[in-house]
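In: okay, predicted coordinates and the sequence, questions at the end:
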Amino acid sequence: KTDRYIGNKWGGKYLRAPDIFFTILEKGKGKLVRLGDIAEVRFGIKTGANEFFYLKPTGTSAPKGYLHVRNGTGWEGEIEEEFLKPVIFSLKELTCIKDDLSNLKHRLFSCHYAKKDIRGAKALEYITWGEQQGFHLRPTCASRATWYSVGKDWKPAPFIFPAKVGERMLVLDNTLHALEDKKLYGITPFTGPRDIWGGMLNCTLTRFFMDLTCRQLTGAQAIADIDVVVVENILVVPPELLDTKVFRECYEGLARRPIQAHVEQEYAQPDRRALDEVVFDVLGLTTGEREAVYEAVVELVRARL
């Protein structure tokens, strides 16, 4: 029985990998696993008609239980708040890992009732308007049993991973149960404490493997382009190896503060370093090797920018 060649999606990982990459693979034998082996990674919600389903609060006053909103076509009006769910369109809207979501710009319209059950509701008026515009005929919408019902069985993911990263990166600890757009990925761990998972997903080692395996875009959009397969294949230290009081305490501090816009500034933060130290201890990295991880991430980001 021989090993099977599985290839490498973008072809550049081994060409641009620094020496520390191979050191981590060697020292991490038996201590690193694919993220997709210990968690479900899913695409976010595909509405099929963003200009209908995504609405922005206008700030105009509305009766209790209603929200005044505007959609992408310019329609404005009041809709019952129960049919308007908080949705994350981009992680740029967030400042920290455990964000309070106060800066979210969009709401997702989703009504799971039959029309006969919401007679007289503002939501029904909006649905009728949408049908007059032909939104119900679009392929994704038409494929649903109830075209205006998005994500009826869609449970908020515990963590939300970005699909595109510039210089700043965070994985949201979704404690307030927001839904995610298709440009983001929901991560649901199979087992393990939530705070340990939050720290592991936001440690520097996770970003290191992400930056090495994603597609690096340069030019007008100097971003790391991440698809769902990249997320599934990121190598991580399993949560059970990080389950310590120190790791929990470091994560709690890190999760509540704004993530710095520049990588050098972020990696100079004491709470960031303390959290990473626990991960590096598991791998048995020397002081020089730990610094090499930071240098490698900075160099990968700088080269792309």
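Out: Noted; the coordinates are in hand.
In: from here on, contacts and neighbour counts on C-alpha atoms
Out: Will do.
In: for stretch 275-282, buried residues please.
Out: Buried residues in stretch 275-282, counting neighbours by 16 or more other CA atoms under 10 Å, are found at 275-280.
In: looking at those, spot the one nearest K98.
Out: Among the buried residues of stretch 275-282, L275 lies closest to K98 (CA to CA), at 15.8 Å.
In: measure the closest one to K152 for me?
Out: 37 Å (CA to CA, to the nearest Å).
In: elements contacting the longest helix anywhere in the chain?
Out: The longest helix of the chain (DSSP state H) is helix 287-304. For helix 287-304, the elements it packs on are helix 19-27, helix 204-213, helix 263-267, judged by 3 or more CA pairs under 8 Å, 6 or more residues apart in numbering; DSSP states H and E.
In: for the last one, which outside residues touch it?
Out: With contact meaning CA atoms under 8 Å, 6 or more residues apart in numbering, helix 263-267 is reached by 167-168, 259-260, 272-273, 294, 298.
In: that helix - what's its average pLDDT?
Out: For helix 263-267, mean pLDDT rounds to 94.
In: that one: which residues count as buried?
Out: So, applying 16+ other CA under 10 Å, buried residues of helix 263-267: 263, 266-267.
In: possible to save those as CSV with distance to T286?
Out: Output for these, formatted as CSV (distance: CA to CA, whole Å):
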residue, distance to T286
V263, 22
E266, 21
Y267, 17
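In: what is the nearest of these to L67?
Out: The shortest approach to L67 among the buried residues of helix 263-267 belongs to E266, at 37.7 Å (CA to CA).
In: now do the residue nearest the centre of the chain against D117, distance only.
Out: Centroid-nearest residue in the chain: F161, 2.1 Å away (criterion: CA atoms, centre = their mean). Per CA to CA, F161 is found 36 Å from D117.
In: please apply the same query to V87.
Out: In this view, V87 and D117 are 25 Å apart by CA to CA.
In: now swap in E289 and tell me
Out: Distance from E289 to D117, by CA to CA: 63 Å.
In: over to F280?
Out: Taking CA to CA, one finds F280 at 57 Å from D117.
In: with T128 instead?
Out: T128 is 14 Å from D117, by CA to CA.
In: with that, I have no additional questions.
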